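K.L.:
Predicted structure and sequence below. I'll ask about it afterward.
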Amino acid sequence: MSDHCADDQRSVRVGNSSELAGVVAIVATLDTKGGEASYLAGIIEACGRKTVLIDIGTSNLVPDKQADGMGGRVASPAELLKQIAASTRKQVGGLLQSGAIGAIVGVAGGKGSAVFGEVVSDLPYGFPKLLVSSARPALLAELAVHNDIILYPTLVDLLGINVFTARVLENAGRAVAAMQHAPAEHARKRKVVAITAFGVTTPAANHCVARLADAGADAIVFPANGAGGRKMEQLIAAGEFDGVIDLTTTELADEIVGGTASAGSDRLKAASRHLVPQVIAPGAVDMVNFGPPSSVPDQFRGRQLYSHTPYTTLMRTTASENASVGRLTAERLSHAEGPAIVLWPVKGVSDYDREGGIFRDVDADRAWLDAVKENVHPHIKVRELNCHINDPEFAEAAVTWILKQLRQGDSSHADV
């Protein structure tokens, strides 16, 4: 073990939470990764932080504790892991609530990594979450889609301490020892607005960010690539935003058609549920996302395709598909009890969908608008603007509306 950060701190087990203030929680299957977890604890302690070991192993469970509550049936491995994850998530949440821990790190293979992803799923954005893992890259990529986990892939298996695993554990230990959760102030001094953007709607997002800044509000931009939309919905539900300018709802097109940038079935729901003012626009609904050209499904081979990058192939949506996206948009938006408006850019919904652009198709675009108008609840206003989505006038309209809602919602904020 490295002698850097030398100190005489000792690891502690979960017990009196008053002893754990600021400690680093280490989550591991101690029956199989106990050596690695202890080694990591030593690195962290040598840097001046205490640790708490949280065991998610299964070998120490007796059969009667593995019953799933349904007639005494013994739980399957998958069911047991789910139970362990739920129990540990509750335990970690309690430690966080009491202020006992300031960071969390996992040491795991495939199963343990999946459990760790569930364990940290309720922790706030920005809370230090680090995972040292030998799991397959696809699983790690899936974890990154759902949470802001810092990943340390080992590339070799975690079967004891050796010259390779020691390097990774030492780096991870020193890194997490330097991290500390700093909760956001309960009362924010500035309003915060979420915005969705894609490369083809970036000018619109930039205009909105600048205009909000001029008004004394902060803007947080999420890439509409599936992971971004999913995370934005989670943070809206967590109360992180005062308003939403959902410029780029292209993820719904991927959800409908089967592209790679779907944000899942919860997209376009959180603001409605939590009464957050929202502007909805059809940014980039003229396209569906796939990977390299070879990855495009066979049923779409005859469609209009464009290589946005060597790794991203865009497919132009049809009128029928846009109508479906519009209906889905209207269906989800109709549940909004808080302020909401739909803004429609007559001259195009993306950089590729402007006069002379490769995806310009007025009839296909219009199918989205018609479907929204026909299906959205009457209390939701739909406003048509005679401009392109990336024209300054569009961003100005969106920001003007959202600022009005913020002022009406909290007159004490003079900045907005």
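P.N.:
Sure, I can see it. Numbers count the residues shown, from 1 in each chain.
K.L.:
where along the stretch 51-200 of the chain do the helices fall?
P.N.:
Counting by DSSP state H, counting those that start in this stretch, the segments of the stretch 51-200 of the chain that form helices are 77-97, 110-119, 137-146, 163-177.
K.L.:
Adding mean neighbour count, write those out as TSV.
P.N.:
To be clear about C-beta, it is placed using only N, CA and C from the backbone, and glycine gets the same treatment. Rendered in TSV, the data for the helices of the stretch 51-200 of the chain read as follows (neighbours: other Cβ atoms under 10 Å):
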stretch	mean neighbour count
helix 77-97	16
helix 110-119	22
helix 137-146	15
helix 163-177	19
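K.L.:
Those helices: which one's closest to F241?
P.N.:
Closest to F241 of the helices of the stretch 51-200 of the chain is helix 137-146 (Cβ to Cβ; 18.8 Å).
K.L.:
Return the list of helices and strands in contact with the closest one.
P.N.:
In this structure, helix 137-146 packs against helix 110-119, strand 129-133, strand 150-153, helix 227-237, with contacts taken as 3 or more Cβ pairs under 8 Å, 6 or more residues apart in numbering; DSSP states H and E.
K.L.:
who touches that helix?
P.N.:
Residues external to helix 137-146 that are found in contact with it (Cβ atoms under 8 Å, 6 or more residues apart in numbering): 110, 113-114, 116-117, 121, 131, 133, 149, 151, 153, 226-227, 230-231.
K.L.:
Just confirm A319 contacts D363, I think it does.
P.N.:
Yes - with contact defined as Cβ atoms under 8 Å, A319 reaches D363; the gap is 5.6 Å.
K.L.:
between these two, which one's more packed in?
P.N.:
Looking at A319 and D363 with other Cβ atoms under 10 Å, you find the greater number of neighbours at A319, namely 16 against 9.
K.L.:
Got phi/psi on the more buried one?
P.N.:
Listed backbone geometry of A319 is phi -60, psi -40, with angles given as degrees, to the nearest 10.
K.L.:
Need the pLDDT of it.
P.N.:
Per-residue confidence (pLDDT) for A319: 98.
K.L.:
sorry, back to before: quick one: closest of the helices of the stretch 51-200 of the chain to V342.
P.N.:
The closest approach between V342 and any of the helices of the stretch 51-200 of the chain, judged by Cβ to Cβ, belongs to helix 137-146 at 27.9 Å.
K.L.:
and that closest one, how far from the chain's centre?
P.N.:
Relative to the centre of its chain, helix 137-146 is centred 11 Å away, using Cα atoms, centre = their mean, to the nearest Å.
K.L.:
Going forward, the N-terminal residue is numbered 53.
P.N.:
Sure thing, new numbering starts at 53, so read that last one as helix 189-198.
K.L.:
relative to helix 279-289, how tilted is it?
P.N.:
Here the directions of helix 189-198 and helix 279-289 differ by 40 degrees (axes from the mean of the first three to the mean of the last three Cα atoms, to 10 degrees).
K.L.:
Quick check: mean pLDDT of helix 189-198?
P.N.:
81.
K.L.:
number of nearby residues for the residue lying closest to P397 once chain neighbours are set aside?
P.N.:
Counting by Cβ to Cβ, 6 or more residues apart in numbering, P397 lies nearest to I441, which is 4.0 Å off, once chain neighbours are set aside. Per other Cβ under 10 Å, the neighbour tally for I441 reads 29.
K.L.:
Verify the contact between I441 and A257 for me.
P.N.:
No - judged on Cβ under 8 Å, I441 makes no contact with A257 at a distance of 10.1 Å.
K.L.:
any shared contact partners between the two?
P.N.:
Shared contacts of I441 and A257, defined by Cβ under 8 Å, 6+ apart, comprise L299.
K.L.:
Tell me the bridge partners for the nearest residue to F168 once chain neighbours are set aside.
P.N.:
Spatially, and ignoring its direct neighbours in sequence, F168 is nearest to G158 (3.7 Å; Cβ to Cβ, 6+ apart). When bridges are called by DSSP bridges, G158 pairs up with V79, L183.
K.L.:
show me the contacts for G158.
P.N.:
With Cβ under 8 Å, 6+ apart, G158 has these contacts: I78, V79, A80, G164, S165, F168, V171, V172, L182, L183, V184, S185.
K.L.:
Give me the distance between it and L357.
P.N.:
Look at G158 and L357: by Cβ to Cβ, to the nearest Å, they are 40 Å apart.
K.L.:
Please apply the same query to S372.
P.N.:
To L357, S372 is 18 Å away according to Cβ to Cβ.
K.L.:
what about these two, which has more around it?
P.N.:
In this comparison of S372 against L357, neighbours counted by other Cβ under 10 Å, the higher total goes to L357 at 17 against 10.
K.L.:
correct me, but the more buried one touches T364?
P.N.:
No - shown here, L357 and T364 do not form a contact pair, counting by Cβ under 8 Å, at 10.8 Å.
K.L.:
Quick one: the contacts of G158 as TSV, columns for distance to K456 and pLDDT too.
P.N.:
Output for the contacts of G158, formatted as TSV (distance: Cβ to Cβ, whole Å; pLDDT from 0 to 100):
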residue	distance to K456	pLDDT
I78	49	96
V79	46	96
A80	51	94
G164	49	90
S165	46	90
F168	44	93
V171	42	93
V172	38	92
L182	42	94
L183	43	94
V184	48	93
S185	47	89
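K.L.:
From those residues, pick the one nearest R325.
P.N.:
Comparing those against R325 with Cβ to Cβ places V172 closest, at 23.1 Å.
K.L.:
Return the residues in contact with the closest one.
P.N.:
Contacts of V172 were listed using Cβ under 8 Å, 6+ apart, and they are R141, V144, I156, G158, F179, K181, N199, I201.
K.L.:
Contact partners for the third one?
P.N.:
When contacts are counted by Cβ under 8 Å, 6+ apart, I156 is found next to V76, A77, I78, V79, V144, V171, V172, L175, F179, P180, K181, L182.
K.L.:
at 6 Å what do you get?
P.N.:
A77, K181 (Cβ atoms under 6 Å, 6 or more residues apart in numbering).
K.L.:
Quick check: it vs P129, distance?
P.N.:
Counting by Cβ to Cβ, the separation of I156 from P129 is 24 Å.
K.L.:
likewise the fourth one?
P.N.:
Taking Cβ to Cβ as the criterion, G158 is separated from P129 by 19 Å.
K.L.:
Ok, the first one next?
P.N.:
Counting by Cβ to Cβ, the gap between R141 and P129 amounts to 18 Å.
K.L.:
Then V76 would be within a helix, right?
P.N.:
No - inclusion of V76 in a helix is not indicated when DSSP: H, G, I helix; E, B strand; the rest coil is applied; the result is strand.
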